[in-house]
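Enquirer: sequence? don't have it. structure:
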């Protein structure tokens, strides 16, 4: 969102970065789970 107040803009950016960071962490754990499943499952 576009805002005139630079302070609010910084806060919004920090929140967005935190959300992106959290999403990346969740994505990494999901990838690890999938890889663990693939590794533990014998290849057909």
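Expert: The structure has been received and is ready for your questions. All figures in this text were calculated on a predicted structure; none of them were measured in a lab.

Enquirer: Low-confidence stretches in the protein?
Expert: For the chain, the stretches with pLDDT under 70 are 1-8, 43-44.

Enquirer: how many neighbours does residue 11 have?
Expert: 12 (other CB atoms under 10 Å). Heads up, the C-betas are built off the backbone N, CA and C, glycines and all.

Enquirer: how about it, secondary structure?
Expert: Here residue 11 is recorded as helix under DSSP: H, G, I helix; E, B strand; the rest coil.

Enquirer: in this structure, which spans are strands?
Expert: For the chain, applying DSSP state E gives no strands.

Enquirer: In it, which residue is most central in space?
Expert: residue 23 (1.7 Å; CA atoms, centre = their mean).

Enquirer: measure that residue to residue 35 for me?
Expert: Look at residue 23 and residue 35: by CB to CB, to the nearest Å, they are 18 Å apart.

Enquirer: ok, now residue 18?
Expert: Here residue 18 is placed at a distance of 26 Å from residue 35 (CB to CB).

Enquirer: before we move on, back to that, tell me the spacing between the residue nearest to the centre of the chain and residue 10.
Expert: 20 Å.

Enquirer: Next: residue 32.
Expert: Taking CB to CB, one finds residue 32 at 33 Å from residue 10.

Enquirer: give me the number of residues near residue 19?
Expert: 10.

Enquirer: Now do the contacts for it.
Expert: Residue 19 makes no contacts at all, as judged by CB atoms under 8 Å, 6 or more residues apart in numbering.

Enquirer: So what's the residue count around residue 9?
Expert: Residues near residue 9, counting by other CB under 10 Å, number 13.

Enquirer: Kindly report the same for residue 40.
Expert: Residue 40: 7 neighbours (other CB under 10 Å).

Enquirer: Also residue 28?
Expert: Counted with other CB under 10 Å, residue 28 comes out at 10.

Enquirer: quick one: it from residue 35, how far?
Expert: Per CB to CB, residue 28 is found 10 Å from residue 35.

Enquirer: can you check residue 12 too?
Expert: 34 Å.

Enquirer: which one of those two has more residues nearby?
Expert: When residue 12 is set against residue 35 and neighbours are counted by other CB under 10 Å, the residue ahead is residue 12, at 14 against 10.
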